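Novice: 3D model of this:
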Amino acid sequence: MKQAEVGPPLTLRETQAIGLITAAHFLSHFYQFVLPPVFGLLAIKLNVGFTEMGLAVTVFSIATGISQTPAGFIVDRLGAAKLLALGVAILGSAVACYGLVTNYWALLPLAAIAGCANSIFHPADFAILSGRVAEQRIGRAFSFHAVSGNLGWAAAPIVMLGISAAFNVETAFVTVGLAGVALSGILGLNIHRLEDTIPERVVGTETNPKGGTTREGLTLLLTRAVLMLFVFQLVYAMAFAGVRNFSVAALPVIWGIGSEVAAGALTGYLLAASFGNVIGGWLADRTRNPARIFTYSILSLSALVASFASLPMSIAMLSTAFIAAGALQGSLLPARDMLVRQIAPPGQMGKLFGFTSSGLALGNAITPAIFGWVMDNADPRWIFWGSAACMLVALLTYVETRRQAG
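Specialist: Next up, the predicted model:
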């Protein structure tokens, strides 16, 4: 296959921006998952139970969801690069302070501060990538961004448990938190490699400020296409949160397999998603038709997920099917992110990604309650059937959003 078929390679300027953004996004996802691996250790230290520890994660997630839309407005008005560096610094500092608290009630405001700081990443990341990377290479840029987030999730348990075992949980939090402070310094020294280069984002006047007026921004967010995109992100998050959060609990009940087998299958799913991110970005750039990639992938994925509850499989077949499902799920993300970019007018990227990412946060927040009820009161097969159904609804909302966007 000739190079020209997938477009010219990334330039040095684009590679530098992508490298800095993916490093920040890696830490964002790492910090989202920094508490659960050491729940037990921290609960003993603070003399609380797992319910209280779970509440801390909920506070972080709610703060992120609430703050993302305002963060998007601020990114469009003030610029993404400096705000990203500031967000990394605040988030890293808050996580470092997790290790210093001696009272549970001091942890909750830190989690809220960390969640607010975390809200800056998606609006800033996508605004910078859209301003620094050429159209014919944006699919690959978005795929690298998605991969870095997956790797951040995967690294958190290993790093947190490893440092805690070698030293203690306090040292683990302080160490990983200071890594974020250090990265914020690196971002600050490389602001010129992250600043937007699209003229509409740079020029602003008193009557037509950079990023548009607040009224114009709110009008944009209330258009049918954007509201459909919000619904799409919400349903999309529900579909995959069900598989990610409940597979290990549901599969042993359905098929009588061991929890370690189910956990291994889910690990394969999550790792394969990173591979799928890269393939999806490459295909999007090569075909220039991300909608076709999304449609074929999510239809295949929906059938696979439904089969987890319907078709008896050997352990090898189940593991292979989960790996295939993970790769398909990963391939969707560049097409999803390119749809947001397609809708955003010049200078409005931050608020649009911030608002629609709130749909992701809401979907991730409500899924545990719904599917948790299913595990307690109904047939656990509905975890997978319900997730497959959500994927089909997500496809319908994706198609309708593209139609509204023209």
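Novice: what's Val374 in contact with, if anything?
Specialist: Neighbour list for Val374: Pro380, Trp382, Ile383, Gly386 [criterion: C-beta atoms under 8 Å, 6 or more residues apart in numbering]. All C-beta atoms are positioned from the backbone trio N, CA, C, and that covers glycine.
Novice: could you do Met160 as well?
Specialist: Going by C-beta under 8 Å, 6+ apart, Met160 touches Val34, Pro37, Val38, Val169, Ala172, Val176.
Novice: any idea how far it is from Ala56?
Specialist: 14 Å (C-beta to C-beta, to the nearest Å).
Novice: which of the contacts of Val374 fall within helices?
Specialist: In helices, judged by DSSP state H, the following of the contacts of Val374 are found: Trp382, Ile383, Gly386.
Novice: Leu183 contacts Ser93, doesn't it?
Specialist: No: using C-beta atoms under 8 Å, Leu183 is not in contact with Ser93, being 11.9 Å away.
Novice: distance from the chain centre to stretch 373-389, please.
Specialist: Counting by C-alpha atoms, centre = their mean, to the nearest Å, stretch 373-389 is centred 24 Å from the centre of its parent chain.
Novice: just for the stretch 51-200 of the chain, where's the confidence low?
Specialist: In the predicted model of the stretch 51-200 of the chain, residues 196-200 satisfy pLDDT under 70.
Novice: without its sequence neighbours, what residue ends up closest to Met338?
Specialist: Residue nearest to Met338 in three dimensions, not counting chain neighbours: Pro290, with 4.9 Å by C-beta to C-beta, 6 or more residues apart in numbering.
Novice: ok, that neighbour touching Tyr296?
Specialist: No: if you go by C-beta under 8 Å, Pro290 and Tyr296 don't touch, sitting 11.0 Å apart.
Novice: more neighbours, those two?
Specialist: Shown here are Pro290 and Tyr296; by other C-beta atoms under 10 Å, Pro290 has more neighbours (26 against 13).
Novice: and Ile257, what does it touch?
Specialist: Here Ile257 is in contact with Leu251, Ile315, Leu318 (criterion: C-beta under 8 Å, 6+ apart).
Novice: which of those residues count as buried?
Specialist: Leu251, Leu318 (16 or more other C-beta atoms under 10 Å).
Novice: out of the contacts of Ile257, which are inside helices?
Specialist: In this view, the contacts of Ile257 that belong to helices under DSSP H are Leu251, Ile315, Leu318.
Novice: in stretch 176-191, which residues are buried?
Specialist: Within stretch 176-191, the residues that count as buried by 16+ other C-beta under 10 Å are Val176, Gly177, Ala179, Gly180, Val181, Leu183, Ser184, Leu187, Gly188, Asn190.
Novice: for stretch 399-406, that is, sorry about that
Specialist: In stretch 399-406, counting by 16+ other C-beta under 10 Å, buried: Glu400, Thr401, Arg402, Ala405.
Novice: make TSV out of those residues and add secondary structure.
Specialist: Listed next are the buried residues of stretch 399-406 as TSV, based on DSSP: H, G, I helix; E, B strand; the rest coil:
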residue	secondary structure
Glu400	helix
Thr401	helix
Arg402	helix
Ala405	helix
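Novice: list phi and psi for Pro368.
Specialist: phi -60, psi -40 (degrees, to the nearest 10).
Novice: repeat that for the one 10 residues further on.
Specialist: In this entry, Ala378 is assigned phi and psi values of phi -140, psi -170 (degrees, to the nearest 10).
Novice: all helices of the stretch 301-406 of the chain, in order?
Specialist: 315-343, 349-377, 381-405 (DSSP state H, counting those that start in this stretch).
Novice: so which of those comes closest to Leu100?
Specialist: helix 349-377 (27.2 Å; C-beta to C-beta).
Novice: any low-confidence regions in the stretch 301-406 of the chain?
Specialist: For the stretch 301-406 of the chain, counting by pLDDT under 70, the residues that fall below are 406.
Novice: hmm, 80 instead?
Specialist: 336-337, 340-349, 361, 364-365, 367-369, 404-406 (pLDDT under 80).
Novice: narrow the buried residues of stretch 176-191 to those in helices?
Specialist: Short answer: the buried residues of stretch 176-191 in helices (DSSP H) are Val176, Gly177, Ala179, Gly180, Val181, Leu183, Ser184, Leu187, Gly188.
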